[in-house]
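Visitor: Predicted model follows, preceded by the sequence.
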Amino acid sequence: MTDQNRARNVQAQRRATTPAADFTIRFYQAGDEGLINAFYNDPSQRPGAGVCGVPARTNSEWIWEFASHNQDSGIPYSLAFDQERLVGIQGFLPIQLIHDGRVELSEKSEDTLVSPEYRGKGLLDQMYRMLFERALQRGVVVQWGFTSTAVKPLIRSGFKSLGKVDFYRLNLSARAVAASILRHTSPGLPRAEAFANAVLRFPQIIRSSGVSLIRRFFPRPMPPGMEVVELTKLDEVCDQFSARFSRAYPGISVHFSGSYLHWRCFKNPYFRYRVYAANHGGEMVGLAVFKIDDRSRMGIVSALAAIPTETQGASIVLNALLETGLRVFARHGCRSAVAWCFWSHAFSNLVRDSLKKVGFFNFAADTDFMVRAVTSNDPSYLNPNNWFICEIMSER
């Protein structure tokens with residue numbers, strides 16, 4: 001964690017809030033999804049809801065995300081009311097992590113939203129307090145999430161910012177190249193500054209676009225004995241591979257179990273997913289998940305994992321999977337592709353190199369990775385270099 005991140009954490013923890021004594025805060029109850037979505041889809045509450053072309057979230061989509069795989073021990077989702085009016089929501093998704101070979105229960109923060117006129121009144125703190133108590137009862141080890149707008153309230157509630165994520169982009173069309181040159185910087189920059197930055201980035205964008213074009217039409221030969229196949233069934237083979245990946249690259253990552261991938265990919269109501277395995281000598285040595293956003297015509301590298309074979313390094317497996325992904329994105333009409341990469345986990349460094357080899361380039365981003373230990377005092381959770389996650393895993 002950098003000195004700048006430590007200072008932000010301390011400042012946010014010291015910030016006082018007005019107690020939310022006059023509000024009712026409770027857990028989700030069956031049938032609340034309609035009320036939640038009416039709040040979530042209201043542009044006056046969440047400006048992103050008014051973006052052109054973004055459909056309103058449906059009740060079935062909410063149930064898939066928060067309830068379909070979370071029935072046994074209650075849904076970790078809280079609602080805040082001012083009398084009968086819903087003024088705040090906060091949820092968590094239970095996600096298994098694999099930490100140095102151990103499978104552990106975590107929760108990912110989602111749906112952090114408080115009405116603008118009720119912010120600063122401690123509502124989010126109280127919603128979190130209820131959810132933290134339930135997390136202890138459920139045996140959750142750590143909670144985590146990504147945000148560009150709620151860093152201070154999350155820190156105030158006990159989360160730590162481990163820094164910004166690295167964002168990578170790949171252009172698959174002339175239109176995407178032009179967009180990258182003209183609009184590759186963060187929104188809000190003065191036009192002259194944005195143009196100057198675009199000029200500086202021009203050679204990198206053109207080079208990376210050329211590399212991606214070459215790799216799509218002239219892929220490297222598949223290493224001897226290796227094949228990349230699409231998975232239509234996700235079972236215990238994925239669980240076994242995830243365990244082997246964790247042993248090969250110790251640290252903290254999402255557990256790529258068959259049940260998790262089946263829920264996240266095959267049952268997903270938002271996007272189309274394609275899941276691929278790299279096999280060598282009859283054994284699974286790599287996994288890739290590619291997400292297709294038809295609305296924005298964008299491909300997302302949602303998961304990557306690879307282990308060395310007896311004759312090839314993990315980077316060779318990664319390259320084969322990523323070149324497969326380029327062809328998948330092109331077949332689905334994607335104009336561009338994106339990927340995320342975090343800090344200096346041993347496997348993250350391999351992923352960065354492989355992304356660059358197929359044409360991805362680093363892109364400005366402003367998203368913090370937030371972590372809060374629940375039942376564990378293990379300091380490794382607060383070291384960003386112990387984490388490997390390939391995507392922020394948000395469906396909207």
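Guide: Perfect, thanks for sending it.
Visitor: quick one: the strands in the stretch 51-200 of the chain?
Guide: All strands of the stretch 51-200 of the chain, identified by DSSP state E, counting those that start in this stretch, fall at 77-82, 85-99, 102-114, 142-147, 160-164, 166-171.
Visitor: What helices and strands are in contact with the longest one?
Guide: Spelled out, that is strand 85-99. Applying 3 or more Cβ pairs under 8 Å, 6 or more residues apart in numbering; DSSP states H and E, we find strand 85-99 packed against helix 33-40, strand 77-82, strand 102-114, helix 123-138, helix 236-248, strand 252-254. Heads up, the C-betas are built off the backbone N, CA and C, glycines and all.
Visitor: How about residues contacting the longest one?
Guide: Residues from elsewhere that reach helix 123-138, judged by Cβ atoms under 8 Å, 6 or more residues apart in numbering: 17, 20, 23, 25-27, 73-74, 76, 78-80, 87-90, 92, 94, 105, 107, 112, 114, 143, 150, 153, 156-158, 374-375.
Visitor: re earlier: let's have the strands of the stretch 51-200 of the chain in a markdown table, adding mean pLDDT.
Guide: Shown next, in a markdown table, are these (pLDDT from 0 to 100):
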| stretch | mean pLDDT |
| --- | --- |
| strand 77-82 | 96 |
| strand 85-99 | 96 |
| strand 102-114 | 95 |
| strand 142-147 | 94 |
| strand 160-164 | 93 |
| strand 166-171 | 87 |
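Visitor: Looking at the ones you listed, which is nearest to Met393?
Guide: The minimum distance between Met393 and those falls on strand 102-114, with 6.9 Å, by Cβ to Cβ.
Visitor: mind listing the helices for the chain?
Guide: For the chain, the helices defined by DSSP state H occupy 3-14, 33-40, 59-62, 123-138, 151-156, 174-183, 191-217, 236-248, 258-261, 314-331, 346-357.
Visitor: Spatially nearest residue to Met222, not counting backbone neighbours?
Guide: Ala320 (6.1 Å; Cβ to Cβ, 6 or more residues apart in numbering).
Visitor: For the strands of the stretch 51-200 of the chain, could you give me JSON lines that also reports distance to Arg129 and mean neighbour count?
Guide: Listed next are the strands of the stretch 51-200 of the chain as JSON lines, based on distance: least, Cβ to Cβ, whole Å; neighbours: other Cβ atoms under 10 Å:
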{"stretch": "strand 77-82", "distance to Arg129": "9", "mean neighbour count": "21"}
{"stretch": "strand 85-99", "distance to Arg129": "10", "mean neighbour count": "21"}
{"stretch": "strand 102-114", "distance to Arg129": "14", "mean neighbour count": "20"}
{"stretch": "strand 142-147", "distance to Arg129": "13", "mean neighbour count": "22"}
{"stretch": "strand 160-164", "distance to Arg129": "18", "mean neighbour count": "21"}
{"stretch": "strand 166-171", "distance to Arg129": "33", "mean neighbour count": "22"}
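Visitor: Tabulate the helices and strands packed on strand 85-99 in a markdown table, adding columns for distance to Met298.
Guide: Shown next, in a markdown table, are these (distance: least, Cβ to Cβ, whole Å):
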| stretch | distance to Met298 |
| --- | --- |
| helix 33-40 | 22 |
| strand 77-82 | 28 |
| strand 102-114 | 21 |
| helix 123-138 | 31 |
| helix 236-248 | 25 |
| strand 252-254 | 21 |
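Visitor: closest one to Phe361 among the ones you listed?
Guide: Between the helices and strands packed on strand 85-99, strand 252-254 lies closest to Phe361; by Cβ to Cβ that is 24.3 Å.
Visitor: by contact count, what packs against that closest one?
Guide: Strand 252-254 sits against strand 85-99, strand 387-388, with contacts defined as 3+ Cβ pairs under 8 Å, 6+ apart.
Visitor: rerun at 10 Å
Guide: strand 85-99, strand 102-114, helix 236-248, strand 298-306, strand 387-388 (3 or more Cβ pairs under 10 Å, 6 or more residues apart in numbering; DSSP states H and E).
Visitor: looking at the ones you listed, which is closest to Gly282?
Guide: Comparing the helices and strands packed on strand 252-254 under Cβ to Cβ, the one sitting nearest is helix 236-248, at 11.1 Å.
Visitor: Settle this for me: Phe266 is touching Cys238, isn't it.
Guide: No - the criterion here is Cβ atoms under 10 Å, and Phe266 misses it with Cys238 at 12.0 Å.
Visitor: Where does the prediction get shaky in the stretch 201-350 of the chain?
Guide: Scanning the stretch 201-350 of the chain for pLDDT under 70 picks out 201-220.
Visitor: how deep is Val351 tucked in, by neighbour count?
Guide: 27 (other Cβ atoms under 10 Å).
Visitor: again but with Leu136, I slipped
Guide: 11.
Visitor: do Leu123 as well
Guide: Neighbours around Leu123, by other Cβ under 10 Å: 26.
Visitor: where's it relative to Pro116, distance?
Guide: Leu123 sits 12 Å away from Pro116 when distances are taken as Cβ to Cβ, to the nearest Å.
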